[in-house]
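J.: 3D model of this:
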Amino acid sequence: MGEATAVELARLGYRLYLSARNEDGLQALKSRLEVQFGVEIVIHSVDFSKRSEVIDYAAWLSNNLESVDVLVNNLGMYRPDSLLEMTELDEQMEVNFYSTFALTQRLLPFFTEQKAGHIFNMLSIRVNQPWDQAVSYSISKHAFEGYHKLLQQTLRPLGVKVTGIYPASINTSSWDGEEGVPREEFIQPEDIAGLISTAVQSQHGTVVSDIHLDSINPNF
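T.: Numbers count the residues shown, from 1 in each chain. All right, here's what the predicted structure looks like:
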């Protein structure tokens with residue numbers, strides 16, 4: 001998802017600040033996009049399961065940026081568990097809610113002062129359809145949606161757009177090693193990236209509030 005979105009925004013000419021755990025992967029993507037699109041790419045290795053690293057990264061961004069036009073919150077961790085054996089809540093809350101919250105809050109002054117910009121929040125179908133085999137994931141995404149809705153209420157009167165994306169199963173590396181999974185029947189990352197590209201190019205008066213996406217396979 002992150003790579004597909006980076007490609008779309010680079011194609012539109014944005015200078016990108018990309019972050020992930022895998023520094024080698026970031027460097028390869030940086031080199032490819034700079035050659036292909038002639039844009040500046042700044043990379044930063046961050047483990048978003050460690051709040052201290054996220055806070056340090058957010059401070060670095062706020063000290064080195066003059067403005068922020070687009071923020072794409074594409075963080076996510078999924079591990080199955082049940083209500084009777086809820087073993088994943090702390091870590092999934094850290095990645096799926098707290099880290100996104102910490103980063104976004106630190107960057108909010110850019111948006112409020114500019115009275116412009118666009119924030120994209122990657123949510124989940126599990127917000128509307130909680131699953132008893134993905135309890136920690138469902139709870140953490142519900143927390144994130146609460147924050148997302150408050151961002152919409154707070155920022156829209158200031159001229160800042162906030163778009164939530166609610167996808168079903170996406171064809172990403174999280175499915176690697178799973179046999180018999182019909183990945184071609186999942187939502188493809190390029191399709192979501194294309195929707196982000198369309199929304200970010202919308203006219204000032206148009207707000208794409210939320211995007212709900214189903215996969216063609218109803219079991220996923």
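
J.: Mind naming the longest helix for the chain?
T.: Longest helix in the chain by number of residues, with DSSP state H as the criterion: helix 135-155.

J.: so what secondary structure elements neighbour that one?
T.: If you count contacts as 3 or more Cβ pairs under 8 Å, 6 or more residues apart in numbering; DSSP states H and E, helix 135-155 packs onto helix 89-93, helix 99-114, strand 118-122, strand 161-167. The C-beta positions use only the backbone N, C-alpha and C, and glycine is treated the same way.

J.: With distance to Asp56, mean neighbour count and mean pLDDT added, can I get these in TSV?
T.: Below are the helices and strands packed on helix 135-155 laid out as TSV (distance: least, Cβ to Cβ, whole Å; neighbours: other Cβ atoms under 10 Å; pLDDT from 0 to 100):
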stretch	distance to Asp56	mean neighbour count	mean pLDDT
helix 89-93	19	17	93
helix 99-114	10	18	97
strand 118-122	21	23	98
strand 161-167	25	22	97
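
J.: Out of those, which gets nearest to Lys50?
T.: Proximity to Lys50 (Cβ to Cβ) singles out helix 99-114 among the helices and strands packed on helix 135-155, at 8.4 Å.

J.: Can you add distance to Arg15 and give the helices and strands packed on helix 135-155 back as CSV?
T.: Formatted as CSV, those follow (distance: least, Cβ to Cβ, whole Å):
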stretch, distance to Arg15
helix 89-93, 32
helix 99-114, 14
strand 118-122, 15
strand 161-167, 19
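
J.: Roughly how far does the spatially most central residue of the chain sit from Val35?
T.: Residue closest to the mean C-alpha point of the chain, counted by Cα atoms, centre = their mean, is Asn74 at 1.6 Å. Here Asn74 is placed at a distance of 23 Å from Val35 (Cβ to Cβ, to the nearest Å).

J.: farthest residue from the center of this protein?
T.: Leu84 (29.3 Å).

J.: does that residue count as helix, strand or coil?
T.: Look at Leu84: counting by DSSP: H, G, I helix; E, B strand; the rest coil, its state is coil.

J.: Relative to His142, how far out is it?
T.: To His142, Leu84 is 19 Å away according to Cβ to Cβ.

J.: Same question for Trp60.
T.: Using Cβ to Cβ, Trp60 is found at 30 Å from His142.

J.: Which one of those two is surrounded by more residues?
T.: Per other Cβ atoms under 10 Å, whichever of Trp60 and His142 has more neighbours is His142, with 17 against 14.

J.: Not counting sequence-adjacent ones, nearest residue to that one?
T.: Among residues not flanking His142 along the chain, Val127 sits closest, at 5.9 Å (Cβ to Cβ, 6 or more residues apart in numbering).
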